[in-house]
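**Student:** Whatever this is, show me its structure:
(chains A, B and C)
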Amino acid sequence: MSTFYLPDLGEGLAEAQILQWHVKPGDQAQADQPMVSVETAKAVVEVPVPFSGTVVALRARVGDVIATGAALIDFDSGSVVGRIPAAPAEPGGAMVGGAMVGGATVGGATVGGAVAPRGARRGAVPAARALARHLHIELGEIAGSGPGGVVTIDDVLAQISPADRESRGHAVPLRAATLAAPPAAAREPLRGTRRAMAQSMSLAHAQVPTSTVFEDADIDSWRERGDYMLRLARALIAAWRTEPALNAWYDAAGDARIVLRHVDLAIAVDTADGLIVPVLRAVQDKTPEELRAALAAQKDAAHRRSLAPGELRGGTLMLSNFGSLGGRYAVPLVVPPAVAILGAGKVRQEAVAVGKTVSARRRMPLSLSFDHRCVTGGEACRFLAAVIADLEKPD
Amino acid sequence: MVEAIAMAHGWEMQHDESVVVLGQDVGVNGGVFRATQGLQARFGADRVQDTPLAEAAIAGMSVGMATHGLKPVAEIQFMGFLYPALDQIVNHMSRMRSRTRGRLTCPVVIRTPHGGGIHAPEHHSESTESLLCHVPGIRVVCPSSPARAYGLLLAAIRDPDPVMFLEPARLYRAVREEVSDDGRALRLDRCFVLREGSDVTLVTWGALTVEVLRASEELDSRGVSAEVIDLATLSPIDEATILASVAKTGRLVIVHEAARNAGLGAELAAIVAEHGLYDLLAPIRRVTGFDTVIPLSRLEPDYIPSVRRIVDTVLLTMAN
Amino acid sequence: MPTVAEFKIEYRQILDAQGDVAGEPPAFACDREEVLRMYRAMTLERSFDAKAVNLQRTGQLGTYASSLGHEATHIGVGAAMRPEDVLAPVYREIGTQLWRGVTMREILTYWGGDERGSDFAQPRHDFAWCVPIATQTLHAAGAAMAFKVRKEPRCAVAYIGDGGTSEGAFYEALNVAGARALPLVFVVVNNGWAISLPVALQTAARTLAQKAIAAGMPGVQVDGNDVFAVRESVAEALDRARAGAGPTLIETLTYRLSDHTTADDSSRYRPEGQVRAAWSVEPLVRLRAYLYRSGWWSQQQEQALLAQCAGEIDAAVAEYATGAGPSTDAMFDHLFEQLPAHLREQRATARKYGTNPGGL
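**Tutor:** Just a heads-up that it's a prediction; the model follows:
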């Protein structure tokens, strides 16, 4: 048996009223003969018999209003009536009366402006929001320093100093070794930079699988003796351009790394008060003169303890020029989230084979430590090679 | 909705003698969708004019009528036939006030069926509202319910400047509700918040408000609370309501039947990117018609954004 | 005052409403096979058209524009054209199209909402149906210009309705055709109605043919229900055009016996008496009478013809109904010659959500 449904009689008509049937059950209906007259919102329409067959049942009575797509008549016939797809299936079956369309209320609206006020969620620069998410920092707890209290990247970075990290339970708890102090010694609680160093180095040691590559740079051909810091900074920038992977942050918990497009150089400075690590921002864009000036200024400010907290955070690449104090090689510790630190030891005259002869040449020992979770040996070696290539230029 | 539109005509013509209707088949026939049913019998053939078959003439004459004491409410039979009239709309209607420094003004309404989904022949399913929104000096309005059609049409007729009134053809008969014939206009230049929510803002207009509301219900059952805004006035945009909503929800998905490229969704996204960037938790997304010619009826359901496509896009946005 | 211009419009009829021929009939009207060929084509058009309306009423076809009553105009034009000429139709002239090789299946496919219907197997060079009114007249002018520039002995024929003659595009087409002596014939099918607007309210011009005068070309009015007169007039106009003598406008007077389309109800605006009167002068009746009077036709042959038409139509409908629908991808085909990159992603989305991604 086939049921024929009320078709869409014209451009969105939703229903029709049965006016008069021209066939009855039992009739042998011929295709195209008149079947039923219906009235739509636009017109009286005569619907012809769609295909020949015996009429089994009329599914609507005279006077009934039926919707487009509702059953109209049953035929005893195997004919298949090729069908235009119904108007988009979802809006089908309109209900008469009431502001409903297939379950969705379309009426009843509030005019613009009547929107509930924004909740306590903080506005944040999208990049800062993404960074915070990577570092599992709650934006709600950060004071935003951007316009209107917007949270910026710096605000997020300010949260990742070791002290804050510890308060969030990310830091590895310091193992309190119980020591019996000799009675005559003065026990000095760690404060300030010493405390910070103890915490950040504990963290570094606990979290970072540090690997170190050693190599020397032959600086014998330098035309001018040493502005080592400037040359080292420049070499780091050059190496970054070759191998950017070492200028990155690693987010262990998020299993992600952020390879940064700017180089914020953190430089270890040994001061009377201990280790201070000021950060020079965006050194990649600085001219040599600017770099020299910035380095000098930072060093000066570090010694005078006049650096702002923002200048002590967020380094992307670290440099420790301990050679000015002495020492050849070292295994510098990588402080997360950074992934690399270059240590430069004391420049010295060394007996070096040059071809088949031995000569004395000035050499700078270099130690590049890297976080092996995030940096490959290949990347580290390429980076170091590029550092050396730049250092070995005469100027 | 089509009856509400006829009702609004009737009210305004009753109370304002200067309102005149013109268009093809609007008088004796009452309009091919019956949107002007009964008006000529009530107000006579001078005030409800069956014009010759010429869209440029309909628009151009509207300019002349409006600048000289009448308030024409003109019908273009389908948006696909609007284009001969664009010369008059863009070059004259939109800038008459500006170029005469206010000496001559054009209180015109041009009504036309908008969008597809009614099995119509070629060229009868257009939604090129972007073309119109790009023109300074005209308003573009698109109602999504009988009550809003009534109130917004009254507002449009009463407005002293040109209004393009785009009527979603597939809502003409598919949506019904009680509308009181009280002559109360709604405000132009304002969105309607159809549904309040807290997780995502869905902005849409016209016939797709139905799909968007359906999608919101499905999203609700999946724990996503959607706020649905009917833009209603497509130009100028009620930025404040949208920005306030995005500030609350942090997420924006725009749904329109019109093609994606240079569709109005792009304008909305730019507004929020500029003024609401810091509220965003996820990228702004658009669910739109494809950048193809809108297909004939066989493939039309594949073109028009479906409830499923809308739901999927919102879920993707939630996952960001 | 001297008169600097005058015009006259002639009215042509060969076969009157009773099927009698006044004066000398044209050669083809004396050729039994030729006349039967035209009669069969008119019958097929009539039968197919009725079927198409029924298909719409039973949900198997989208909105459809019936050609009921226009058969003589349609077949007369088709028979006068050469295959290599180009037709720019409106959307009602299926008789001309069927004559020229467009198939019933293609017609159903188009009105059924599938663009493949416009990809005529033949003639490849004819324009597709044109819904935006009067725009096709400019297309025809362009094609005619191409023939002129390339020195091809081909003509363009543009159809337009009485309503269409109010559109600016029509005047522009007339003007450029006249100004450039294009090989173009305008066939204005004046069927009395533009949806609900009668011709008397469409224009103050007494005839539509005289709009040609303003554009500097000849205009003639023809009984559009008289297939002989239509064919004769169009053939003459095409000869002129082919000979380089420029365009002609032919106004055929007929009547739209059906609603404008299946989405229209003409009983709202047309008096029943008028429609009945029009039926009494319809084109098939008079040609049938001519055939009987000439001893060329019989009742039996009439029944056989109707049965044959029904068979052909049913076969075409079956093909249409059981044919594969377009695949979702089809939306993206033929947008440009090469699909731009950004659309590939959209096509993938469409496939994912499409109703017919595999094209079954």
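**Student:** any idea how far chain B is from residue A:328?
**Tutor:** Separation of residue A:328 from chain B (Cβ to the nearest Cβ, to the nearest Å): 50 Å. The C-beta positions use only the backbone N, C-alpha and C, and glycine is treated the same way.
**Student:** how deep is that residue tucked in, by neighbour count?
**Tutor:** Number of residues near residue A:328 (other Cβ atoms under 10 Å in any protein chain shown) recorded here: 17.
**Student:** close enough to count as contact, it and residue A:343?
**Tutor:** No: counting by Cβ atoms under 8 Å, residue A:328 does not reach residue A:343; the two are 9.9 Å apart.
**Student:** and the closest residue in space to residue B:249 that isn't next to it in sequence, what element?
**Tutor:** Distances taken as Cβ to Cβ, 6 or more residues apart in numbering or on different chains place residue B:201 nearest to residue B:249, at 4.8 Å, with adjacent residues excluded. Element membership for residue B:201 (DSSP states H and E) is strand B:200-204.
**Student:** again with residue A:341
**Tutor:** Going by DSSP H and E, residue A:341 is in strand A:340-344.
**Student:** helices or strands up against that strand?
**Tutor:** Strand A:340-344 is packed against helix A:228-242, strand A:317-320, strand A:357-371, helix A:377-391, with contacts defined by 3 or more Cβ pairs under 8 Å, 6 or more residues apart in numbering or on different chains; DSSP states H and E.
**Student:** now the first one: mean pLDDT?
**Tutor:** Taken as a whole, helix A:228-242 has an average pLDDT of 95.
**Student:** And for the last one?
**Tutor:** Model confidence over helix A:377-391, given as mean pLDDT, is 97.
**Student:** rewinding a little: pLDDT (mean, whole number) over the strand holding residue B:201?
**Tutor:** Strand B:200-204 shows a mean pLDDT of 98.
**Student:** which other residues reach that strand?
**Tutor:** The contact list for strand B:200-204 (Cβ atoms under 8 Å, 6 or more residues apart in numbering or on different chains) reads B:191, B:212, B:215-216, B:219, B:224-231, B:242, B:245-246, B:248-249, B:251-256, B:268, B:310, B:314, B:317-318.
**Student:** and residue C:109, what helix or strand is that in?
**Tutor:** Going by DSSP H and E, residue C:109 is in helix C:104-111.
**Student:** Just the C-alphas of stretch B:6-15, formatted as PDB.
**Tutor:** Presented in PDB, the C-alpha positions along stretch B:6-15 are these (Å, rounded to 0.1, in the frame of the first residue of the first chain):
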ATOM      1  CA  ALA B   6      -0.400  43.200   5.600                       C
ATOM      2  CA  MET B   7      -1.800  44.300   8.900                       C
ATOM      3  CA  ALA B   8       1.000  46.700   9.500                       C
ATOM      4  CA  HIS B   9       0.400  48.200   6.000                       C
ATOM      5  CA  GLY B  10      -3.300  48.600   6.900                       C
ATOM      6  CA  TRP B  11      -2.700  50.300  10.200                       C
ATOM      7  CA  GLU B  12      -0.300  52.800   8.800                       C
ATOM      8  CA  MET B  13      -2.200  53.600   5.700                       C
ATOM      9  CA  GLN B  14      -5.200  54.200   7.800                       C
ATOM     10  CA  HIS B  15      -3.400  56.700  10.000                       C
END
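**Student:** mean confidence score for it?
**Tutor:** Stretch B:6-15 comes out at a mean pLDDT of 98.
**Student:** just stretch C:308-320 next, same as before
**Tutor:** Stretch C:308-320 comes out with an average pLDDT of 98.
**Student:** Can that stretch be said to contact chain A?
**Tutor:** Yes: interface with chain A: stretch C:308-320 contributes residue C:320 (Cβ under 8 Å from any Cβ of the partner chain).
**Student:** Now do the buried residues in that stretch.
**Tutor:** By neighbour count on 16 or more other Cβ atoms under 10 Å in any protein chain shown, the buried set for stretch C:308-320 is C:309-310, C:313, C:316-317, C:320.
**Student:** for those residues, which one is nearest residue C:101?
**Tutor:** residue C:316 (13.9 Å; Cβ to Cβ).
**Student:** what about the closest residue to the closest one other than its chain neighbours, how many neighbours?
**Tutor:** Distances taken as Cβ to Cβ, 6+ apart place residue C:104 nearest to residue C:316, at 3.7 Å, with adjacent residues excluded. By the measure other Cβ under 10 Å, the count of residues near residue C:104 is 21.
**Student:** Repeat that for residue B:61.
**Tutor:** Neighbour count of residue B:61, defined by other Cβ under 10 Å: 18.
**Student:** For it, give me its contacts.
**Tutor:** B:22, B:51, B:72.
**Student:** do the same with residue C:17
**Tutor:** With Cβ under 8 Å, 6+ apart, residue C:17 has these contacts: C:225, C:280-281, C:285-286.
**Student:** make it 6 Å
**Tutor:** C:281, C:286 (Cβ atoms under 6 Å, 6 or more residues apart in numbering or on different chains).
**Student:** secondary structure class for it?
**Tutor:** What DSSP: H, G, I helix; E, B strand; the rest coil gives for residue C:17 is coil.
**Student:** Could you check how far it is from chain B?
**Tutor:** Distance, residue C:17 to chain B, using Cβ to the nearest Cβ: 29 Å.
**Student:** quick one: pLDDT of that residue?
**Tutor:** pLDDT at residue C:17 comes out at 96.
**Student:** Same question for the one 4 residues further on.
**Tutor:** According to the predicted model, the pLDDT of residue C:21 comes to 96.
**Student:** Burial check on it, number of neighbours?
**Tutor:** Residues near residue C:21, counting by other Cβ under 10 Å, number 18.
**Student:** now residue C:322
**Tutor:** 9.
**Student:** any idea how far it is from chain A?
**Tutor:** For residue C:322, the distance to chain A - Cβ to the nearest Cβ - is 6 Å.
**Student:** Pick out the residue of the stretch 201-320 of chain B closest to chain C.
**Tutor:** residue B:297 (3.0 Å; Cβ to the nearest Cβ).
**Student:** Could you look up the SS state of that residue?
**Tutor:** coil.
**Student:** where's residue B:112, which helix or strand?
**Tutor:** For residue B:112, the element it lies in under DSSP H and E is strand B:109-114.
**Student:** How is chain A divided into domains?
**Tutor:** Split into domains by automatic domain parsing, chain A comes to A:2-79, A:126-160, A:192-391.
**Student:** if we compare the ones you listed, which one ends up closest to residue C:346?
**Tutor:** Closest approach to residue C:346 among the domains of chain A (Cβ to Cβ): domain A:126-160, 25.7 Å.
**Student:** Can you read off the pLDDT for residue B:134?
**Tutor:** In this model, residue B:134 carries a pLDDT of 97.
**Student:** er, residue B:110 actually
**Tutor:** Reading off the model, residue B:110 has pLDDT 98.
**Student:** My guess is it contacts residue B:73. True?
**Tutor:** No: taking contacts as Cβ atoms under 6 Å, residue B:110 lies outside contact range of residue B:73: 8.1 Å.
**Student:** In the chain, what residue spans correspond to helices?
**Tutor:** Looking at chain A here, since you left the chain open. A:126-134, A:153-157, A:162-167, A:192-207, A:228-242, A:288-303, A:377-391 (DSSP state H).
**Student:** That was the other one, I meant chain C.
**Tutor:** Applying DSSP H to chain C gives helices spanning C:32-57, C:71-80, C:94-100, C:104-111, C:135-149, C:168-179, C:199-202, C:211-214, C:227-242, C:272-279, C:283-293, C:299-322, C:341-353.
**Student:** list the buried ones in the longest one?
**Tutor:** It refers to helix C:32-57. C:35-36, C:38-39, C:41-57.
**Student:** helices or strands next to it in the packing?
**Tutor:** strand A:44-48, helix C:71-80, helix C:299-322 (3 or more Cβ pairs under 6 Å, 6 or more residues apart in numbering or on different chains; DSSP states H and E).
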